[in-house]
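Undergrad: fold the stuff below for me.
(one chain, ligands or ions: 1)
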Amino acid sequence: MEDGPGIRTTVFLKGCQLRCVWCHNPESFTRTPQSIVLPNGATKTYGVEMTATEVFGIVERDVPFFRASGGGATISGGEPLVWPAFVESLVTLCHAARIHTALETHGVVPRERLEKIAHLVDVFLFDYKAEPIDGYRRLTGRAAPELMGNLAMLHEAGRSVILRCPIVPKVNDDDDHLRSIARLAAMYPQMPIEVMPFHNTARDKWSALGYDYALASCDSMSRPAALEIGRRLVGFGVPESRLSIGGG
Ligand code: SF4
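TA: Sure thing, here's the model as predicted:
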């Protein structure tokens with residue numbers, strides 16, 4: 001599953017320092033609640049202010065499902081670690097209650113924020129989008145010099161990491177990028193690799209929020225095209241046994 005094993009309750013935290021051109025959750029760019037007017041005139045609000053204890057109270061209700069399925073809580077965003085104290089509190093509560101936790105992160109965060117919670121998180125869903133300096137600057141609006149060091153730190157700490165690779169046609173599906181994914185797979189031989197094929201379902205949200213969507217005319221990646229990305233990765237050396245292709 002794309003957000004971790006078993007049945008999961010996902011907590012989305014608003015706020016992100018990146019601006020990925022393909023972002024599926026543009027309502028997460030800002031840290032504060034945000035409202036849009038729907039075509040039928042109704043208002044939809046993204047975000048509500050809650051404490052970690054309040055959120056844990058909701059997550060905890062699903063414990064029977066977690067126990068039956070091997071699931072747990074996934075903390076997503078945005079980038080959860082723009083709220084380091086909140087994340088630390090929530091994963092501490094989950095850890096104490098023996099609730100499995102997955103943390104989705106773009107990884108472009110101060111190392112100490114990851115180090116502080118590393119022992120409390122069961123699996124990190126760690127993004128790898130492009131070449132960390134010019135590639136990230138071009139596709140996410142910000143260079144990512146801390147990315148590789150953070151990935152190495154999690155491995156050195158013995159943490160479980162799944163590398164998640166959003167792939168967008170004609171944006172980052174070139175051989176150089178796929179080869180760089182294969183190099184990371186070789187460098188970290190236990191790390192699963194997950195391809196996240198582009199889909200354009202967020203197009204309406206971008207426009208409703210008043211943002212320009214550079215990929216407005218880009219179609220979702222078809223399943224055959226996504227499988228072809230997988231074949232190319234295998235050709236570049238990614239073991240098939242460690243590769244999964246997410247839904248398009
Ligand atoms: S890191 Fe995630 S939430 Fe942030 S802009 Fe990129 S895709 Fe969107």
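
Undergrad: and the closest residue to residue 240 other than its chain neighbours, what element?
TA: Leaving out its chain neighbours, the residue that sits closest to residue 240 by C-beta to C-beta, 6 or more residues apart in numbering is residue 234, at 5.3 Å. C-beta here means a position set from N, CA and C on the backbone, and glycine is covered the same way. Assessed by DSSP states H and E, residue 234 sits inside helix 223-235.

Undergrad: what helices and strands are in contact with that helix?
TA: helix 175-187, strand 193-197, strand 243-245 (3 or more C-beta pairs under 8 Å, 6 or more residues apart in numbering; DSSP states H and E).

Undergrad: direction included, what does the shortest one pair up with?
TA: Spelled out, it's strand 243-245. Within its sheet, strand 243-245 is paired with strand 193-197 (parallel), according to DSSP bridges.

Undergrad: pull out the buried residues from the strand it pairs with.
TA: Neighbour-count burial for strand 193-197, counted by 16 or more other C-beta atoms under 10 Å, picks out 193, 194, 195, 196, 197.

Undergrad: returning to that earlier point: and the helix holding residue 234 with helix 175-187, angle?
TA: 60 degrees (axes from the mean of the first three to the mean of the last three C-alpha atoms, to 10 degrees).

Undergrad: so where do the helices sit in the chain?
TA: Secondary structure of the chain (DSSP state H): helices at 52-60, 63-69, 84-96, 111-117, 134-140, 147-156, 175-187, 203-208, 223-235.

Undergrad: quickly, which of these bottoms out on average pLDDT?
TA: Averaging pLDDT over each of the helices of the chain singles out helix 203-208 as the lowest, with a mean of 90.

Undergrad: picking that back up, of all the helices and strands packed on helix 223-235, which one is nearest the ligand?
TA: strand 193-197 (9.5 Å; C-beta to the nearest ligand atom).

Undergrad: wait, does stretch 13-24 contact the ligand?
TA: Yes - on the criterion C-beta under 6 Å from any ligand atom, stretch 13-24 is in touch with the ligand at 16, 18, 19, 20, 23.

Undergrad: tell me, how many residues neighbour the second one?
TA: Per other C-beta atoms under 10 Å, the neighbour tally for residue 18 reads 18.

Undergrad: how far off centre is stretch 39-58?
TA: With C-alpha atoms, centre = their mean, to the nearest Å as the basis, stretch 39-58 stands 20 Å off its chain's centre.
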